[in-house]
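Asker: 3D, please:
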Amino acid sequence: MFKEGTPVKLDLLHIGYAKLDKKWNYNNVISPFTRLFYVTTGEAIAYHSSQEFNLRPGYMYLIPSYTYNRYKCDKYHEQYYTGFFEQTTEGLSIYNLQSFKYQVKASLTDAQLFKRLLDINPDMAVTNSDPKGHVNKPLLYNLNKQNKTNDQGKYLETQGILSILLSRFIDNSSYNKEKNSTKTKLEKVLIYIAEHLHEELSVQNLANYCHFSPDHFSRIFNQSFGMRPLKYIQTKRIERAQLLLLTTNNSLQEIAGKTGFHNISYFSRLFKKTTGKTPGKFRKEQLNT
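Answerer: Sure thing, here's the model as predicted:
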């Protein structure tokens, strides 16, 4: 499905059908999971990735994980929605490895797949239309319920449907099949970072891994990913910390260790600088929404 056949795991969090009005107006939404919408009636607006999207009937919309976004509905609209965690076997986000479109025309099959996904997962709707409220105990409960289900047929079908729907957004036009050596090395270093995020990582050892000088590595990394290597590592550590805060009962000390922060005070300061909240406050607010 993805570059070089990279396997991906998708864990369903919620699926439902919503009728929304002008109360559906939220700013500064960020979720550690992917969202998909299929609009059936009415219109609304979504903003993310420096773009504005007019949500129209007959279209599907993708909002990647960890993407700041906002929503606005002036009158009324209805949509199927689903949210799911995604991860490749290398521990990377699929958005590190593949380019995606964010709006596609829905086919009859797409509409049937959303309906089928809801039919086989009837108790996984969210009860709060506030997108920020989706990251809460019911969400974690849904994830555990989905993973522990005894009906392996439904579990596999759910995986298949999510994979098909997500595949509709892949942007094949941006993929150069004749990858050069530098691009291949940079993709491998992302996997290396994901696998060693809990360890000490420096520009020097990453450059050595790619057989580049530190200055050259830092420059081409910035050109490719829009940030310096150490900033990228910090970003991924905070993202993983958010995920662990919401989906595990690990202590703050344990989460700091698992994300490469061996000083819990520094972890807390950087987390607050990035998210606007301390790790403890972030967990408490999200799980009690």
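Asker: use CA for all of it now, contacts and neighbours both
Answerer: OK.
Asker: regarding this protein, what is its longest helix?
Answerer: helix 229-247 (DSSP state H).
Asker: and for K272, the neighbour number?
Answerer: When neighbours are counted by other Cα atoms under 10 Å, K272 registers 17.
Asker: could you measure from the residue lying closest to it once chain neighbours are set aside over to L270?
Answerer: Sequence neighbours aside, T278 is the residue nearest to K272 in space, at 4.7 Å (criterion: Cα to Cα, 6 or more residues apart in numbering). Distance, T278 to L270, using Cα to Cα, to the nearest Å: 9 Å.
Asker: cool, L117 as well?
Answerer: The spacing between L117 and L270, counted by Cα to Cα, is 39 Å.
Asker: between those two, which is the more surrounded one?
Answerer: Ranked by neighbour count (other Cα under 10 Å), L117 and L270 place L117 first, with 23 against 19.
Asker: pull the helix or strand with minimum mean pLDDT from this protein.
Answerer: Least confident helix or strand, the chain: helix 137-148 with a mean of 50, by mean pLDDT, DSSP states H and E.
Asker: for F53, helix, strand, or coil?
Answerer: Following DSSP: H, G, I helix; E, B strand; the rest coil, the label given to F53 is strand.
Asker: partner residues bridging it?
Answerer: Under DSSP bridges, the beta-bridge partners of F53 are A46.
Asker: torsion angles phi and psi at Y102?
Answerer: Note on Y102: its backbone torsions stand at phi -110, psi -10 [degrees, to the nearest 10].
Asker: tell me if I'm right that it and R168 touch.
Answerer: No. Look at Y102 against R168 with Cα atoms under 8 Å: they stay out of range, at 9.8 Å.
Asker: how many neighbours does G226 have?
Answerer: A total of 11 residues lie near G226 under the criterion other Cα under 10 Å.
Asker: list the buried residues for stretch 8-24?
Answerer: Within stretch 8-24, the residues scored as buried using 16 or more other Cα atoms under 10 Å are 8, 10-18, 20-21, 24.
Asker: now the residues you listed in TSV, please, with extra columns for pLDDT, distance to R237 and secondary structure.
Answerer: Shown next, in TSV, are the buried residues of stretch 8-24 (pLDDT from 0 to 100; distance: Cα to Cα, whole Å; DSSP: H, G, I helix; E, B strand; the rest coil):
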residue	pLDDT	distance to R237	secondary structure
V8	82	20	strand
L10	89	21	strand
D11	88	21	strand
L12	91	23	strand
L13	89	22	strand
H14	91	25	strand
I15	95	28	strand
G16	95	31	strand
Y17	96	34	strand
A18	95	34	strand
L20	95	35	strand
D21	94	37	strand
W24	92	31	coil
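Asker: show the contacting residues for the spatially most distant residue from the centre of the chain.
Answerer: Ranked by distance from the centre of the chain (Cα atoms, centre = their mean), the top residue is S213, with 32.2 Å. If a contact means Cα atoms under 8 Å, 6 or more residues apart in numbering, then S213 has 204, 207 as its contacts.
Asker: can you report phi and psi for it?
Answerer: Torsion angles at S213 (phi, psi; degrees, to the nearest 10) stand at phi -70, psi 150.
Asker: per-residue confidence for it?
Answerer: Per-residue pLDDT puts S213 at 93.
Asker: how about the contacts made by the most centrally placed residue in the chain?
Answerer: Of all residues in the chain, the one closest to the mean position by Cα atoms, centre = their mean is S65, 2.0 Å from it. Counting by Cα under 8 Å, 6+ apart, S65 touches 30-35, 85.
Asker: in those residues, find the pair that's most separated.
Answerer: For the contacts of S65, the maximum inter-member distance is 13.4 Å, found between I30 and F85 (Cα to Cα).
Asker: count the neighbours of Y266 for me.
Answerer: By other Cα under 10 Å, 12 other residues sit near Y266.
Asker: so what's it up against?
Answerer: Counting by Cα under 8 Å, 6+ apart, Y266 makes contact with nothing.
Asker: in the host helix or strand of it, what's buried?
Answerer: Per DSSP states H and E: Y266 is located in helix 264-275. Residues of helix 264-275 classed as buried: 267-268, 270-272 (neighbour count, 16+ other Cα under 10 Å).
Asker: which SSE is immediately downstream of that helix?
Answerer: Following helix 264-275 in sequence, per DSSP H and E, is helix 279-287.
Asker: now do that next one: which elements does it pack against?
Answerer: For helix 279-287, the elements it packs on are helix 229-247, helix 264-275, judged by 3 or more Cα pairs under 8 Å, 6 or more residues apart in numbering; DSSP states H and E.
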